[in-house]
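Participant: Here's my sequence, what's the structure:
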Amino acid sequence: MPRNENWTREQTIIALNLYCKIPFNRVSSSHPDIIRIANIIGRNPNAVKMKVGNFGSFDPELKAKGIVGLANASRLDKEVWDEFNSNWELLAYHSETLIAQFSNKPIEEITGIIIDDLPVGRDRETMVKVRVNQYFFRSTILSSYNQKCCITGLSVSELLVASHIIPWRDKDHIHHRLNPRNGLCLNTLHDRAFDQGYITITTDYKVKVSKWFDNYKQDNSIGELFLKYDRQGIILPDRFLPDKEFLEYHYDKVFKK
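Facilitator: Alright, predicted model coming up:
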């Protein structure tokens, strides 16, 4: 593809997918995912790096930190950002589908999801979409938090979870299931505690531990694993700061007061 040929909408959507998945301070033309996507869509790695950087100019969290992204964003970049920034479920599945199409590979292979127990048909298609969406959400959340638990700083990715602030099971808020501002990066233990309401995160981004643990103050492990983090500020993400309305919901509806 000639270097001066305009970016297509499909290529731009794939670049936004990359923006969500790569920590912003690691975006470079030598990043393996930048190189892989560049090869897939017929662009050079530097052009893909620049396109990903363009989206940084629209991100309010980066602006608040004095990071303005690149200044040469196009009208199409802004249109794609505005469209999908309010429709994360569409971005997740659509962008992964586009990557699969450009790669001429099944989406299961591209995302690494495994579904061996369902035959071809509507049930399998539904499950594939759910798994692809979950894969995208996890990738986005872990990237935003630089692969670290926001409470403990644990950086073993196999022990990290993309936790939902408003729970996945809440059917009244399904439109927020894949919103990265509805996510926290937690280790598996604190994810479980957060999901069950034994801890919460306040709107000033501090850990709050439930009084339920008062019955276990003599247990040294409770003090070490939970009580010592009470009122401690979390490690904030580079992007997609947790929405305060979602945090209020968790405190009101899930947290064990």
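
Participant: I'd like the mean pLDDT over stretch 50-66, please.
Facilitator: Mean pLDDT, stretch 50-66: 83.

Participant: same question, stretch 190-210
Facilitator: The average of the pLDDT scores along stretch 190-210 is 97.

Participant: With just CA atoms, put the lowest-mean-pLDDT helix or strand in the chain into PDB.
Facilitator: When each helix and strand of the chain is scored by mean pLDDT, DSSP states H and E, helix 60-64 comes last, with a mean of 75. C-alpha atoms of helix 60-64 as PDB (Å, rounded to 0.1, in the frame of the first residue of the first chain):
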ATOM      1  CA  PRO A  60      -9.000  13.100  28.800                       C
ATOM      2  CA  GLU A  61      -6.900  11.000  31.300                       C
ATOM      3  CA  LEU A  62      -3.800  11.600  29.300                       C
ATOM      4  CA  LYS A  63      -4.500  15.300  29.000                       C
ATOM      5  CA  ALA A  64      -4.900  15.600  32.700                       C
END
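
Participant: so where do the strands sit in this structure?
Facilitator: Under the criterion DSSP state E, strands of the chain are mapped to 160-164, 183-187, 199-201, 207-209.

Participant: Residues contacting the second one, please?
Facilitator: Right, the one you point to is strand 183-187. 137, 140-142, 144-145, 147-152, 154, 159-165, 194, 201, 234, 237, 240, 242 (Cβ atoms under 8 Å, 6 or more residues apart in numbering). C-beta coordinates here come from the backbone N, C-alpha and C atoms, glycine included.

Participant: got the angle between it and strand 160-164?
Facilitator: For strand 183-187 against strand 160-164, the angle by axes from the mean of the first three to the mean of the last three Cα atoms, to 10 degrees is 140 degrees.

Participant: next one: phi and psi at Ile22?
Facilitator: Phi and psi for Ile22, reported as degrees, to the nearest 10, are phi -110, psi 130.

Participant: got the contact list for it?
Facilitator: Counting by Cβ under 8 Å, 6+ apart, Ile22 touches 31, 33-34, 52, 143.

Participant: Buried among the contacts of strand 183-187? Make that a PyMOL selection.
Facilitator: Remark: buried members of the contacts of strand 183-187, expressed as a PyMOL selection using 16 or more other Cβ atoms under 10 Å:
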select buried, resi 137+140+141+142+144+145+148+149+150+151+152+154+160+161+162+163+164+165+194+201+234+237+240+242
